[in-house]
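Build me a model:
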Amino acid sequence: MEQLRSTVKRLAFWSVAAVFSLWVLVSLTIAPAFFVAVNSYAVDQDPGSRGLDFDDIEIESDGVTLAGWWIPAEKPIAELIFVHGAGSNRISAYVGSLDFYATLNGLGISVIAMDLRNHGNSPITDARLHMGATEWADVFAAAQWLDTTQPTALPRFALGASMGGSTVIRALHQGLQVTGTILLDPQLGILDSLMHGAQVVTGLPAPLFVLAAQAAIWQYDLPTGSHSPLTHAAALQQPILLLQDWDDPVTRSHYAEALADQNPQVQLKKVPHIAPSDPCIRGRGNWGSHAASHPCHPTWTRQQIATFINERINQQSNERINERSNDRLADTSLSQ
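All right, here's what the predicted structure looks like:
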């Protein structure tokens, strides 16, 4: 009997060891590619479905021609670059993009929205997500399109949702000039978001994916460490409005708190609670309330954005008045 118990223990040990070894092998060789793979979903609606005037546009971005829209406000007070998240496009149902554009237009904000490379109707370059490390060039290209075709002195803003947040942050780090930035459940910690994204997709505990997620970061040179979105965002000097859902299962709230603690330019606003049974997130599965601020709380979201943008416009106007006043004082002093 004792020998039988010993044999069973040995078999159990070697079975566990074999499963563990197989999991490690898969995590290092096969799984990493799934973390960066992207399926391109065609854009089959347009802002006209929300009664908005718009133009189909093409944006040249480092040899890639992006598909996009220009959605002008009737009496614009500002313009905004709208950047979607990973695996999505400019009609993202998760963010409620088309209704979001209507909200922004109603605030007097003209919008430029595009499908990032490897997304929507834009070209497939390598069919991989780079978590902002290459996609940031598309945000720059949208800004250049505005400079070339819509030259105005209007304040300019950028809005990034989920991976769109890390993409906008990288663009700002690279020198994108804006009056202010709006981040919606932004991807700030790459490793953490990869692990919890895998949990959402598979239903398995997030810690099981730590090795595979880290391998993906190594193999595909995803931004981490000193190049992570959180590190870059902490150093930004531009005012930032951060709308964070505290129950977001993928881009988790403690990263938003960490950014607000590190950067006094960040206005962190907690999205009102979204119940798992709320109809506004029906059909999302385990993605739950991720990036659901506008679909679930459109009035609250509108108010937060309106307040932020009006504050920035007023501050910019006051700064210009002070500059002109200082210039006049300097001229008077010189003339004396």
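
contacts, neighbours, all on C-alpha from now
Will do.

So in the chain, where's the weakest helix or strand by average pLDDT?
helix 2-29 (a mean of 64; mean pLDDT, DSSP states H and E).

right, and the helix or strand after that helix?
Downstream of helix 2-29, the first helix or strand assigned by DSSP states H and E is helix 31-36.

what pairs with the following helix or strand past that next one, and is each one parallel or antiparallel?
Sequence order places strand 55-61 as the next helix or strand after helix 31-36, per DSSP H and E. Strand pairing for strand 55-61, using DSSP bridges, gives strand 64-71 (antiparallel).

Pull out the buried positions in the strand it pairs with.
64-71 (16 or more other CA atoms under 10 Å).

residue boundaries of the strands in the stretch 151-300 of the chain?
Under the criterion DSSP state E, counting those that start in this stretch, strands of the stretch 151-300 of the chain are mapped to 156-161, 180-184, 240-244, 266-270.

what about the last one, average pLDDT?
What that stands for is strand 266-270. Strand 266-270 shows a mean pLDDT of 98.

do the same with the second one
Rounded to a whole number, the mean pLDDT of strand 180-184 is 98.

Give me the helices and strands touching that strand, please.
Secondary-structure packing of strand 180-184 (3 or more CA pairs under 8 Å, 6 or more residues apart in numbering; DSSP states H and E): strand 156-161, strand 240-244, helix 298-335.

Please name the strands paired to the second one in the sheet, noting orientation.
Just to be clear, that refers to strand 240-244. strand 180-184 (parallel), strand 266-270 (parallel).

ranking those by burial, who's on top?
The highest mean neighbour count among those, using mean count of other CA atoms under 10 Å, belongs to strand 180-184: a mean of 25.

wait, Asn105 sits on Trp70?
No - contact criterion CA atoms under 8 Å: Asn105 and Trp70 do not qualify, at 11.3 Å.

Need the overlap of contacts for those two.
Contact criterion CA atoms under 8 Å, 6 or more residues apart in numbering; residues shared by Asn105 and Trp70: Val111.

Turn the strands of the stretch 151-300 of the chain into JSON lines, including distance to Thr148.
Putting the strands of the stretch 151-300 of the chain into JSON lines (distance: least, CA to CA, whole Å) gives the following:
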{"stretch": "strand 156-161", "distance to Thr148": "14"}
{"stretch": "strand 180-184", "distance to Thr148": "21"}
{"stretch": "strand 240-244", "distance to Thr148": "26"}
{"stretch": "strand 266-270", "distance to Thr148": "30"}
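
do you know which of those strands lies nearest Phe308?
Phe308 sits nearest to strand 240-244 of all those, at 7.0 Å, using CA to CA.

Mean confidence (pLDDT) on that closest one, please.
98.

now stretch 96-104
Here the average pLDDT along stretch 96-104 is 97.

same question, stretch 145-153
Averaging pLDDT along stretch 145-153 yields 91.

Output it as PDB, nothing but the C-alphas.
C-alpha atoms of stretch 145-153 as PDB (Å, rounded to 0.1, in the frame of the first residue of the first chain):
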ATOM      1  CA  TRP A 145      -3.900  67.100 -41.800                       C
ATOM      2  CA  LEU A 146      -5.600  69.700 -39.700                       C
ATOM      3  CA  ASP A 147      -2.700  72.100 -40.100                       C
ATOM      4  CA  THR A 148      -2.800  71.700 -43.900                       C
ATOM      5  CA  THR A 149      -6.500  71.500 -44.700                       C
ATOM      6  CA  GLN A 150      -8.200  73.200 -41.700                       C
ATOM      7  CA  PRO A 151      -5.800  76.000 -40.700                       C
ATOM      8  CA  THR A 152      -7.400  77.800 -37.700                       C
ATOM      9  CA  ALA A 153      -6.300  79.300 -34.400                       C
END
